[in-house]
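**Q** Kindly generate the corresponding structure for this input.
(one chain, ligands or ions: 1)
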Amino acid sequence: MVDIKSYVKLFNYHGMNLPLNSSEKDLVDDCPFCGAVGKFSLNQKKSTWRCFTCDCKGNSYGFLVKWHEHCLAKTTDEQYEEFAKQRGLNPEILIQFELAWDDQNRCWLVPIYRINEHNKRTLINLKTYRVNQDGTKEFFGTPYCSQGLFNQPALNENHSPVFVCEGEWDAMALLSCDLSEFNNAVVVAVPGANTFKDEWVELFAGRSVYLLYDNDHAGPPGIRIATEKLASASILPSVYALAWPDGSPKDIRDFVIAKGPKATIEMLKDNLHEVLLENPERVQRESWSSVIDDFRKLYHVDYSFADAATVVAATLLSGKLPGDPLWVFLVGPPSTSKTTICDAFAFDQQHCESLSKLTSKALISGWKIPGSDDDVSIFPLLKNRTLLIKDYTAVMSLGSGVQEELYGILRDCYDGRVKVTYGNGKTCDYNDVYFSLVAAVTDEIRRDNRSALGERFLKCEVIGEDYDPMALTLAALNSVVKDATRTRNLQLLGCSIRNYLNSVYINPNNLPTLPEKYRTSLSALSLVIGYLRATVGRSHDDLEFRSRPEGGGRVVKQLSKLGLCLCLLLKKPEFDKEVYRLVKKVALDTIKSFQLELAQLLSLHPKGLTTSQIQHRLQLPKTTAQRVVSDLQTLGVISRQKTSNRHGTGRPEDNWQLTPKFLQFWNDAELTPPKKKLANA
Ligand SMILES: [Zn+2]
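**A** I've put the predicted structure just below:
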């Protein structure tokens, strides 16, 4: 069944102006081929078209073929020369691949062909490359067309080795090099690093396959996707991946432009490494700690890295349980392991959908695949899965209007109902779109603590107080080397996480239990959070009203859900000490603040401290210390007792202690820190 609307878009994409929502039997416009006014007619029912003047006719692909031919015939040698210069390519290659200048729409057309089952070359997509007035470049497929493998027909001709480039331009650049040293290998291109279609696999069976993916973050996962697919070929190919030498530009075309064709071939000869194909489905870990060992093969894993990875994995599981999903910020200074952890989990594509940056566009329309006519929103994809956002920090520097729009969408997401209005006026209601969320962010987020989103997120610090910056930096240095072993280990890690999470058996009628002891601790912990993150309303220095701590209701739900997911992840039948340790860590990370530090300090000094002692121990400016003290006093966390000055002379100083009520919660939650950590601070 032809979806007529997206069918019409195919024509309009190439400059026609057919009405999208017409109920007429025939949609009419001027003929793009002969120019006859109002003579081109598209029959909505039969989805065929014809021009009553020049008598051209056909179906959608017929239109693309005809339009391509029409433009191709008019493209001049000068235009090829000029464009080749612009793109750093050889003009003969542009002619060989039948690129055509579309003068009407001011863009270049790149035809994508395949050999069909009757052994005929057929056009499957007509991509457009356009340089906008502001210099930005666009390269998209025609809507309604499927994505193809560039230069696929060449694969049907022989069984030579094959280079797989990421994108058509890289393939064309490589073809300008002398490939005789590679047995005159065929060069094809996938449309993007993430795309390797099942239907292409057999074309590579038994060949030597050289994967030349871009020198960027999408390259290694792309290689993993391709090798996983290639492992299912009827005759296993020999697969080699390019490990870019240091200082290389971002892709093959740039390398050819910068270093020339000869140096490109030399570089390829030296830097292609074999990737061992093995069926990764077999990677099966018995315990979460052995998955953490797989992380160790790739990253510097200290205890806080392991804790953070464990919390993220538990968050992934939360999507499989009913009720509110878990949303977690991974917090750390720039260039620490928070992004690394997100990257690692992004390899588990079954449970995760990864976004590098969060924008409302990415949530609503960023998922549209050029040429497809699928739902344009990410939401249907996210159901019961986890959205990973590698850089949430950027959100905080957005303009307040944009930020509010985004927060509005996120609040709706958290509640499971999103209503989206698209640019074309169409609205979509997505109900029941519960998904969990993990976002990497810097300490900037602490500033944002009181925003309306704040309480929806738990926070997890990725580095401990005593982390080893040298070890972390050295590990980052080592990870620059992308050899075949590393590629293999990344692939293994993704499978290891995925298969382990799939092995976690969730029986809704027999979930891990929460013993009475931890029931009390969790409630107390939630109340402590309520006290310590309450907002004290101030105008200048005056209190505006008597602030009260928030109730523990929402937090206790989040923390117990986290605990439950940790029990499931660690395959424990009930909540125990280790699970509580992690829950407590996340709880304290969530409210990390001077308020928390003060409560911790006073819990170690039952006899109380004076304001100046507090200022000194916490190393805070006087006004900050006074404000923190005043906040906690207002909230009923601490109380004042006049004592005589210890030196016996002068004005007595205020002495601050935790109130008995708060101290009770604090002790029930087992929060007093180990003495040596803070006592000498
Ligand atoms: Zn015509």
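**Q** Distance of residue 206 relative to residue 160?
**A** Remark: distance between residue 206 and residue 160 (C-beta to C-beta, to the nearest Å) = 11 Å. Placement of C-beta: from N, CA and C, glycine included.
**Q** Name all residues that make contact with residue 417.
**A** Applying C-beta atoms under 8 Å, 6 or more residues apart in numbering to residue 417 gives the contacts 429-433.
**Q** Out of these, name the ones that lie in strands.
**A** 429-431 (DSSP state E).
**Q** Could you pull out the buried residues of stretch 430-447?
**A** Within stretch 430-447, the residues that qualify as buried are 430, 433-442, 445, counting by 16 or more other C-beta atoms under 10 Å.
**Q** should've said stretch 406-421
**A** Along stretch 406-421, these residues count as buried under the neighbour rule (16+ other C-beta under 10 Å): 406-407, 409-410, 413-414, 418, 420.
**Q** what's the closest of the ones in strands among the contacts of residue 417 to residue 238?
**A** Of all those, the one with the least separation from residue 238 (C-beta to C-beta) is residue 430, at 45.1 Å.
**Q** Run through the stretch 251-400 of the chain and note the low-pLDDT ranges.
**A** For the stretch 251-400 of the chain, applying pLDDT under 70 flags the ranges 278-283, 361-362, 364-377.
**Q** And the strands in it, which stretches?
**A** 272-275, 327-331, 352-357, 386-391 (DSSP state E, counting those that start in this stretch).
**Q** among these, which is nearest residue 104?
**A** That would be, of those and by C-beta to C-beta, strand 352-357, which comes in at 34.9 Å.
**Q** can you give me the angle that closest one makes with strand 386-391?
**A** Angle of strand 352-357 versus strand 386-391, following axes from the mean of the first three to the mean of the last three C-alpha atoms, to 10 degrees, is 20 degrees.
**Q** which helices and strands does strand 352-357 pack with?
**A** Using 3 or more C-beta pairs under 8 Å, 6 or more residues apart in numbering; DSSP states H and E, the elements in contact with strand 352-357 are helix 338-346, strand 386-391.
**Q** Just put the ones you listed in CSV and tack on mean neighbour count and distance to the ion.
**A** Below are these laid out as CSV (neighbours: other C-beta atoms under 10 Å; distance: least, C-beta to the ion, whole Å):
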stretch, mean neighbour count, distance to the ion
helix 338-346, 23, 50
strand 386-391, 24, 49
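**Q** Compare these and give me the one nearest residue 165.
**A** With C-beta to C-beta as the measure, helix 338-346 is the member of the helices and strands packed on strand 352-357 nearest residue 165 (22.9 Å).
**Q** what comes into contact with the closest one?
**A** For helix 338-346, the surrounding residues in contact (C-beta under 8 Å, 6+ apart) are 217, 221, 295, 298-299, 305, 308-309, 312-313, 316, 330-332, 351-352, 354, 386, 388-391, 438, 440-441, 462, 493-494, 497.
**Q** likewise stretch 660-674?
**A** The list of residues contacting stretch 660-674 from outside it, by C-beta under 8 Å, 6+ apart, reads 520-521, 523-525, 527-528, 531, 580, 584, 588, 599-600, 603-604, 636-638, 658.
**Q** quick one: that stretch to chain centroid distance?
**A** Chain-centre distance of stretch 660-674: 39 Å, with C-alpha atoms, centre = their mean, to the nearest Å.
**Q** Return the member of the contacts of residue 417 nearest to residue 130.
**A** Taking those together and measuring to residue 130 by C-beta to C-beta, the closest member is residue 430, at 32.2 Å.
**Q** May I have the beta-bridge partners of that closest one?
**A** Assessed by DSSP bridges, residue 430 has beta-bridge partners residue 418.
**Q** Can you report how many residues neighbour the residue in the stretch 501-650 of the chain that the ion sits nearest to?
**A** Nearest residue of the stretch 501-650 of the chain to the ion (C-beta to the ion) works out as residue 502 at 57.2 Å. The number of residues packed near residue 502 is 12, by other C-beta atoms under 10 Å.
**Q** Now do the contacts for it.
**A** Residue 502 sits in contact with residue 350, where contact means C-beta under 8 Å, 6+ apart.
**Q** Would you tell me what helix or strand it is located in?
**A** In this structure, residue 502 sits in helix 484-503 according to DSSP states H and E.
**Q** could you check the angle helix 338-346 makes with that helix?
**A** Put simply, helix 484-503 runs at 70 degrees to helix 338-346, going by the same axes, to 10 degrees.
**Q** Could you identify the helix or strand that succeeds helix 484-503?
**A** As assigned by DSSP H and E, the chain's next helix or strand after helix 484-503 is helix 516-532.
**Q** Thanks a lot, see you next time.
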